[in-house]
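# Please find the sequence and the predicted model below.
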Amino acid sequence: MLYARLIVSRLLKAVIVLFMIIIFNFFLIQLAPGDPAAILAGEAGATDAEFLRQLTERFGLDQPLHVQLWRYVSGVAMLDFGFSYRQQVPVLDLILERLPATLLLTGTAFVLSLVLGIVAGSLAAARVKKPSGSIIMALALIFYATPLFWVALMAVVLFSVYLDWLPAYGMYTVGAGLEGFAFALDVGKHLILPATTLALFFMAIYTRMTRASMLEAAQQDFVKTARAKGLKNSVIQRRHILRNALLPIITLAGLQAGQMVGGAILTETVFAWPGIGRLMFEALQQRDYNLLLGIFFFSAALVIVFNIITDLVYRLADPRIKEAS
């Protein structure tokens, strides 16, 4: 019952937040340079004013700003995000076609970064005065400071061009005609490089956070009591220190899960991964504002969903937390 009330409360707040985001994104796009109708007319080789006027009327860009806003908001309420200026298909169809690829990439990278980050951070905390602990933190610092696009390019050069171990681009082998388990293995092979590249930066953050949280928890009185009882160090590290150190990591992971969608833009572009990150980059280049607004909406919705899930997981991890009034 408590979790049901929490979910309903968060969903009501999410509706308000999404509405504000819709309004903000609409006016933000209006400030962007370039006229979609003029760009399409120029690419079509038609420079006469009549053709430009027809395009403007077709896209509804001749209407007053408040009319355009009302049409857009009312359309979003019915899950109608309009048509893509460039591709002439519904925006919703384009996004739903690309969304599974992005969820697969970001979900894999999120789990990979969280698991490896917690493991590496735990090892670094347990070996805080040993060379191995310093090596782990040095590697975490390198991954944190290295630009994502450079890591992606170097991964392609090393593992695809030089060693020829993994495919360099795409989500699956085009024209292979694979099905079932063979197709899943092919997708998994294409997923390794982009997911690992995207995960390295966030893994470095979780490593540093886990180490700091565990060292702080190790100074608490309940840990000293456990040591006085003669418990094994491995039991103390796992049941007492790590369990309490996970709470700030859960909060950080929930906040950064949504950021992975933004990080996926570079990763999907470098590895030609057919997700909404690459779709956003293409829409920005083509001044496809309807498509951009739709992607912004889905990105915001994903962040809100991740935050709701984080609230639930946080309460499961620490039952002492009660629902805020």
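Yep, it's here.
# How far does stretch 126-134 stretch from one end to the other?
One end of stretch 126-134 sits 11 Å from the other (Cα to Cα, to the nearest Å).
# So what touches it?
L123, A124, A125, I136, R211, L215, Q237 (Cβ atoms under 8 Å, 6 or more residues apart in numbering). C-beta coordinates here come from the backbone N, C-alpha and C atoms, glycine included.
# Tell me how many other residues crowd the fifth one.
Spelled out, that is R211. For R211, the count of nearby residues is 25 (other Cβ atoms under 10 Å).
# the domain parsing of the protein - what is it?
Here the domain parsing of the chain from automatic domain parsing is 15-77, 100-324.
# Now render the contacts of stretch 126-134 as a markdown table, adding pLDDT, secondary structure and distance to S299.
Formatted as a markdown table, the contacts of stretch 126-134 follow (pLDDT from 0 to 100; DSSP: H, G, I helix; E, B strand; the rest coil; distance: Cβ to Cβ, whole Å):
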| residue | pLDDT | secondary structure | distance to S299 |
| --- | --- | --- | --- |
| L123 | 85 | helix | 34 |
| A124 | 85 | helix | 33 |
| A125 | 82 | helix | 34 |
| I136 | 87 | helix | 33 |
| R211 | 86 | helix | 31 |
| L215 | 81 | helix | 35 |
| Q237 | 72 | helix | 38 |
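# picking that back up, of all the domains of the chain, which gets the most neighbours per residue?
domain 100-324 (a mean of 17; mean count of other Cβ atoms under 10 Å).
# from the chain's centre, how far out does it sit?
When C-alpha coordinates are averaged (Cα atoms, centre = their mean, to the nearest Å), domain 100-324 and its chain have centres 9 Å apart.
# still on that earlier bit, mind putting the domains of the chain into CSV with distance to Q88?
Below are those laid out as CSV (distance: least, Cβ to Cβ, whole Å):
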stretch, distance to Q88
domain 15-77, 10
domain 100-324, 11
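# mind checking which of those is nearest S84?
S84 lies closest to domain 100-324 among these, at 4.8 Å (Cβ to Cβ).
# quick revisit: comparing the domains of the chain, which gets the lowest mean pLDDT score?
In terms of mean pLDDT, the lowest-scoring of the domains of the chain is domain 15-77 (a mean of 73).
# Which stretches in the stretch 201-325 of the chain count as strands?
Shown for the stretch 201-325 of the chain, no strands are assigned by DSSP state E, counting those that start in this stretch.
# Name the nearest of the contacts of stretch 126-134 relative to Q30.
Nearest member of the contacts of stretch 126-134 to Q30, counting by Cβ to Cβ, is R211, at 45.9 Å.
# which pair in the contacts of stretch 126-134 spans the largest distance?
I136 and Q237 (15.2 Å).
# and of the domains of the chain, who's closest to L92?
Among the domains of the chain, domain 100-324 sits nearest to L92 (Cβ to Cβ), with 6.9 Å.
# Can you show me the helices along the stretch 1-150 of the chain?
2-30, 36-43, 49-59, 65-77, 91-126, 131-145, 148-155 (DSSP state H, counting those that start in this stretch).
# what's the answer for the stretch 201-325 of the chain, then?
Under DSSP H, counting those that start in this stretch, the stretch 201-325 of the chain gives helices at 221-228, 233-235, 243-270, 276-285, 289-317.
# Turn those into CSV, including distance to Y144.
What follows is the helices of the stretch 201-325 of the chain, written out as CSV (distance: least, Cβ to Cβ, whole Å):
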stretch, distance to Y144
helix 221-228, 28
helix 233-235, 28
helix 243-270, 13
helix 276-285, 21
helix 289-317, 21
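# out of those, which comes closest to H66?
helix 289-317 (16.4 Å).
# Any figure for the gap between G277 and I250?
Relative to I250, G277 is positioned 25 Å away (criterion: Cβ to Cβ, to the nearest Å).
# any idea how far L246 is from R239?
Counting by Cβ to Cβ - L246 and R239 are separated by 12 Å.
# what's next to stretch 232-245, contact-wise?
Counting by Cβ under 8 Å, 6+ apart, 118, 122, 125-126, 210, 213-214, 216-218, 220, 222-223, 226-227 sit against stretch 232-245.
# Could you work out the end-to-end span of that stretch for me?
Stretch 232-245: ends 18 Å apart by Cα to Cα.
# Please apply the same query to stretch 281-291.
11 Å.
# And stretch 81-88, by the same measure?
With Cα to Cα, one end of stretch 81-88 sits 12 Å from the other.
# Reduced to three states, what does the closest residue to L112 other than its chain neighbours come out as?
Nearest non-adjacent residue to L112, counting by Cβ to Cβ, 6 or more residues apart in numbering: A199, 4.2 Å away. Under DSSP: H, G, I helix; E, B strand; the rest coil, the three-state class of A199 is helix.
# Go ahead and confirm A199 touches A109.
Yes. Counting by Cβ atoms under 8 Å, A199 does reach A109; the two are 4.2 Å apart.
# how about the helices of the stretch 1-150 of the chain, which one is nearest M203?
helix 91-126 (4.1 Å).
# and the angle from that closest one to helix 243-270?
130 degrees (axes from the mean of the first three to the mean of the last three Cα atoms, to 10 degrees).
# now helix 91-126: how far from the chain's centre is it?
Taking mean C-alpha positions (Cα atoms, centre = their mean), helix 91-126 and its chain are 7 Å apart.
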